[in-house]
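A.B. asks: Okay, sequence plus prediction incoming.
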Amino acid sequence: MRKPSSRKFSWVSVDVIAEAVLDWARGKKYVRALFSYGSYARGEHTPSSDLDLCLLMKPGRVAAKLDSLYASLPTDVKWRCDTNGKSVAYLGENMVKIDMIVANNPATFAWLIDHPDISEPRLSLLHAKGAGFARELGAASRSLNRDSLALVEEEALKFFTYFEACSRSQRRSDSYQYYFQYNLALGSLTRIFHILESKGIPRYLFCPKNAFSNFGGQRVEEGKEWVALAGTLYLPEANQAKRRLVEMYHKLMARARARFGAKVSARTADAELLEEVMKRDFFFNVRDFARAYGGKVRHGRLFRASALPRWKGQPELKEFLTEHRIANIIDLRKPSELTKDNGRLDYDSATLAGLNYANIPVGGGEHFGEGGEYMRCLMSNLAPFARALESIARAKGNTVIHCHVGKDRTGIACALIACLLGQPRKQIIDDYLLSEQGVSHTKMEVLLNDMDKAGGAERLLQTVGFDARHKRLLQGKLLLKP
């Protein structure tokens with residue numbers, strides 16, 4: 001058995017985490033079986049996917065066993081919550097999520113066998129000791145002995161899950177998924193409110209239609225706060241909407257603590273994770289270029305982004321620029337994009353104060369298909385791309401490079417940089433996939449294949465004057481020494 005690495009990484013992939021969990025399971029006598037389901041089981045996972053697992057163990061000391069599991073992983077646990085039959089954790093700087101069902105009775109997993117909301121294979125066996133448990137997987141139903149506090153804690157965990165998913169969708173600029181997950185999170189808050197309003201244990205939580213019937217008299221203003229939580233498809237309002245949702249969650253948890261006292265789990269009322277998620281997803285498609293390159297590229301030197309003026313005038317943008325010591329901005333957008341909507345997405349003097357700004361327009365289609373359109377864009381704009389790379393190589397201080405959305409033209413530029421740095425194809429594709437919305441393996445694979453056929457990135461750039469000196473400067477600035 002391969003021993004888990006003692007080295008802890010700040011950014012890890014789903015594959016690395018899954019392998020570490022499997023290594024742990026193989027080495028523990030109390031682990032009966034380990035299953036996966038969802039995108040990992042189907043082999044359709046991406047660098048940003050969740051890892052959905054079912055862990056079957058022998059009875060006894062579940063908390064200590066889970067502590068052992070998480071301690072064996074090659075990255076830090078940002079946040080973790082264990083409830084009855086469930087363990088959820090966010091791992092590493094990129095907050096990869098483990099969503100794990102934990103049980104000592106195989107019947108607990110029975111609902112997964114034919115659940116319509118989960119695609120096949122619904123249970124993919126990763127590891128097993130003996131086959132006896134397989135016979136126990138049937139149509140057995142679970143009976144849960146739940147009280148009001150247990151119901152609150154279950155809904156609180158659901159709220160965390162839905163809130164993180166809605167926030168992640170906002171970061172991908174996926175307004176429909178954002179709206180859907182936001183309303184699921186709001187539904188969990190509604191059910192928590194319904195539980196806290198009920199004198200006994202409520203029987204029905206799916207549609208608490210009478211939950212808000214008391215908002216009259218002195219509670220009118222409280223009712224208005226709930227009305228203000230209505231979801232929106234307009235993503236520029238998403239950060240404010242999420243903030244209101246978080247504030248309501250904290251109010252409800254204060255009520256829960258007043259009612260149940262110290263029995264309320266500290267993690268259930270955790271505020272730190274919500275703020276981490278809010279901070280992580282405040283910007284759309286803004287990240288450190290080094291993230292996907294496994295410790296081979298210097299962190300904090302180059303950032304890739306969508307158009308930063310989306311957030312001009314907001315303190316979070318200034319904080320980002322200051323925190324990362326950004327000295328240079330390279331903008332690949334065309335003049336027509338800067339003037340669109342009365343310059344709503346153009347820079348203002350306050351944002352650019354103290355920064356070196358260069359607009360290096362890159363032409364091309366607004367929408368790129370699956371074929372060779374990236375290569376056509378590159379060949380039509382070789383000189384601007386070379387100028388952008390030269391600017392990064394010569395720049396003093398840290399740099400942000402962006403276009404409008406931050407995935408197509410910025411993706412091509414970052415692929416060129418990665419090729420000059422000698423990075424593996426898989427990491428180049430993973431970096432591209434981190435933009436998530438509207439990306440696919442095919443687009444980047446076709447570009448890399450086309451560049452290889454044309455002699456490689458360096459040879460192409462040499463035809464427009466990008467020389468060996470600039471390559472050395474770029475490597476010296478961005479590569480970590482072995």
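C.D. replies: Ah, there it is.
A.B. asks: just for the protein, where's the confidence low?
C.D. replies: Residue ranges of the chain with pLDDT under 70: 1-9, 110-122, 130-146, 200-214, 216, 267-269, 365-367.
A.B. asks: Try it again at 80.
C.D. replies: Filtered on pLDDT under 80, the chain yields the residue ranges 1-10, 47-48, 106-123, 129-147, 198-218, 262-263, 265-270, 364-371, 482.
A.B. asks: all strands of it, in order?
C.D. replies: For the chain, the strands identified by DSSP state E occupy 31-37, 51-57, 77-83, 86-91, 96-103, 124-128, 287-288, 302-305, 326-331, 356-359, 398-402, in order along the chain.
A.B. asks: Make TSV out of these and add distance to Phe160.
C.D. replies: Every C-beta, even on glycine, is put in place using the N, C-alpha and C of the backbone. Written out in TSV, the entries for the strands of the chain read as follows (distance: least, C-beta to C-beta, whole Å):
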stretch	distance to Phe160
strand 31-37	20
strand 51-57	16
strand 77-83	7
strand 86-91	7
strand 96-103	10
strand 124-128	26
strand 287-288	23
strand 302-305	28
strand 326-331	32
strand 356-359	39
strand 398-402	31
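A.B. asks: who wins for proximity to Arg172 among the ones you listed?
C.D. replies: Nearest to Arg172, of all those, is strand 287-288, at 12.1 Å by C-beta to C-beta.
A.B. asks: The closest one pairs with which strands, and in what direction?
C.D. replies: Here strand 287-288 has these sheet partners by DSSP bridges: strand 302-305 (antiparallel).
A.B. asks: Identify all contacting residues around the strand it pairs with.
C.D. replies: Contacts with strand 302-305, where a contact means C-beta atoms under 8 Å, 6 or more residues apart in numbering, come from 283, 285-290, 324, 326, 392, 398-402, 406, 410, 414, 417, 477-478.
A.B. asks: and with 7 Å instead?
C.D. replies: Here strand 302-305 makes contact (C-beta atoms under 7 Å, 6 or more residues apart in numbering) with 285-289, 324, 392, 399-402, 406, 410, 414, 478.
A.B. asks: What distance do you get for Thr463 to Ala383?
C.D. replies: Taking C-beta to C-beta, to the nearest Å as the criterion, Thr463 is separated from Ala383 by 9 Å.
A.B. asks: okay, the strands of the chain in CSV with distance to Ala266 and mean neighbour count next?
C.D. replies: Rendered in CSV, the data for those read as follows (distance: least, C-beta to C-beta, whole Å; neighbours: other C-beta atoms under 10 Å):
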stretch, distance to Ala266, mean neighbour count
strand 31-37, 28, 22
strand 51-57, 24, 22
strand 77-83, 10, 18
strand 86-91, 15, 21
strand 96-103, 20, 20
strand 124-128, 32, 16
strand 287-288, 31, 18
strand 302-305, 35, 23
strand 326-331, 37, 20
strand 356-359, 46, 14
strand 398-402, 37, 23
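A.B. asks: what's the closest of the ones you listed to Pro315?
C.D. replies: Between these, strand 326-331 lies closest to Pro315; by C-beta to C-beta that is 15.2 Å.
A.B. asks: mind listing what that closest one pairs with, with the direction of each?
C.D. replies: Based on DSSP bridges, the pairing partners of strand 326-331 within the sheet are strand 356-359 (parallel), strand 398-402 (parallel).
A.B. asks: shouldn't Leu235 be in contact with Arg172?
C.D. replies: No. Here Leu235 lies out of contact with Arg172, judged by C-beta atoms under 7 Å, at a distance of 10.1 Å.
A.B. asks: List phi and psi for Lys28.
C.D. replies: Backbone geometry at Lys28, expressed as degrees, to the nearest 10, gives phi -110, psi 120.
A.B. asks: ok, how many other residues are close to it?
C.D. replies: Using other C-beta atoms under 10 Å, Lys28 has 17 other residues around it.
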